[in-house]
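*Asks:* Take this sequence and fold it.
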Amino acid sequence: MTITLKVLHWLCRLMLAGIFLYSGYFKIEAPLQFAAAIAGYRLVPENLIFPLATFLPWLEMILGYNFLIGWKIRLNSLAAAFLLLFFLVVLAITVGRGIEANCGCFSLDERISLKTIVRDSLILIPALYLAAESLIRKRLQKPAPAESAAKSQA
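*Replies:* Residues are numbered from 1 along each chain as shown. Have a look, this model is predicted:
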């Protein structure tokens, strides 16, 4: 069972590293276009659009790099989960308001839709798994109550 958890751990880490590194790099390479995508959501005051367009890609790159090197996985997983939840809320609000905007997630020509919300929700799963991994491992390693009672009587 532990080999399965180790493989799952690595798959989640590498997947999140790739997603955040790609997404961050794409946005760093096109900061004005990403700023335009943020403006399209109509949720952020104008004076915060460019600072956000500058900050968010670097945050994604740092998260991706940390997943790649394995530094403070639980902390980075929690940060990634909160960032993804934030993105999901923003996407849902935008769709709910009937605004047709570019997602700006992985390309500049992708419209916000139910598909983008589902995709971001799926990306959230490995982040949540890595954040809760230590708790999952502890539960899987605990002996069943009947086993521990039999061991104490022996």
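*Asks:* mind checking the SS state of Phe106?
*Replies:* For Phe106, the assignment made with DSSP: H, G, I helix; E, B strand; the rest coil gives coil.
*Asks:* Make residue 1 into 715 and carry on from there
*Replies:* Sure, I'll start counting at 715 from here, so that last one is Phe820.
*Asks:* Would you mind measuring from the spatially closest residue to it that is not a sequence neighbour to Glu774?
*Replies:* Nearest residue to Phe820 in three dimensions, chain neighbours excluded: Ser737, at 5.8 Å (CB to CB, 6 or more residues apart in numbering). C-beta here means a position set from N, CA and C on the backbone, and glycine is covered the same way. Taking CB to CB, to the nearest Å as the measure, Ser737 falls 5 Å from Glu774.
*Asks:* picking that back up, and the next helix or strand past the helix or strand hosting the residue nearest to Phe820?
*Replies:* Assigned by DSSP states H and E, Ser737 belongs to helix 716-743. Remark: after helix 716-743, the chain's next helix or strand is helix 745-754, criterion DSSP H and E.
*Asks:* which secondary structure elements does whatever helix or strand comes next after that next one contact?
*Replies:* In the C-terminal direction, the helix or strand that comes right after helix 745-754 (DSSP H and E) is helix 760-783. Counting contacts by 3 or more CB pairs under 8 Å, 6 or more residues apart in numbering; DSSP states H and E, helix 760-783 is packed against helix 716-743, helix 745-754, helix 787-810.
*Asks:* CSV please, covering those and showing mean neighbour count and mean pLDDT.
*Replies:* As requested, the helices and strands packed on helix 760-783 are exported to CSV (neighbours: other CB atoms under 10 Å; pLDDT from 0 to 100):
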stretch, mean neighbour count, mean pLDDT
helix 716-743, 16, 95
helix 745-754, 18, 95
helix 787-810, 17, 96
